[in-house]
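Visitor: Kindly return the folded structure for what I paste below:
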Amino acid sequence: EVQLVESGGGLVQAGGSLRLSCAASGFTFDDYAIGWFRQAPGKEHEGVSCISSSNERTYYADSVKGRFTISSDNAKNTVYLQMNSLKPEDTAVYFCAADCRWRDWDKVDYWGQGTQVTVSS
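Guide: From the prediction side, this is the model:
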């Protein structure tokens, strides 16, 4: 059974930090680019960050560049998203997803249940 389990979301004040984790199982982790999408109320899924299967390439949406850092521990089948200098506009449900290469939610193969991130002003 394929599972992507996110954790680490919560409520934080603007300027604060959170670290999201995504534990994957049930598929060959090393074969997939895995990353993060987010969905704010009333909006479509937005590609936030993605790391290649080789961990050599990363992608960040312009809105998070310089604030968010994606990393992967292939030995633990886990991907992390370190989020610093959080802004109220970062408030959304964050989803871990594989395959994120196309930065297109419609092309994702697997996804988790999501974790809520709320940034208060």
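
Visitor: where exactly do the strands run in this structure?
Guide: Using DSSP state E, the strands of the chain run over 3-7, 10-13, 18-25, 34-39, 46-51, 58-60, 68-73, 78-83, 92-98, 110-111, 115-120.

Visitor: Could you save those as a markdown table and add columns showing distance to residue 104?
Guide: Every C-beta, even on glycine, is put in place using the N, C-alpha and C of the backbone. Converted to a markdown table, the strands of the chain look like this (distance: least, CB to CB, whole Å):
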| stretch | distance to residue 104 |
| --- | --- |
| strand 3-7 | 17 |
| strand 10-13 | 28 |
| strand 18-25 | 18 |
| strand 34-39 | 9 |
| strand 46-51 | 7 |
| strand 58-60 | 12 |
| strand 68-73 | 17 |
| strand 78-83 | 18 |
| strand 92-98 | 10 |
| strand 110-111 | 12 |
| strand 115-120 | 21 |
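
Visitor: Any chance of CSV for the ones you listed, columns mean pLDDT?
Guide: Output for those, formatted as CSV (pLDDT from 0 to 100):
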stretch, mean pLDDT
strand 3-7, 97
strand 10-13, 98
strand 18-25, 98
strand 34-39, 98
strand 46-51, 98
strand 58-60, 97
strand 68-73, 97
strand 78-83, 98
strand 92-98, 97
strand 110-111, 97
strand 115-120, 98
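
Visitor: Tell me the bridge partners for the most centrally placed residue in the chain.
Guide: For the chain, the residue sitting closest to the mean C-alpha position, by CA atoms, centre = their mean, is residue 36 at 2.3 Å. The partner list for residue 36 in beta bridges (DSSP bridges) reads residue 49, residue 96.
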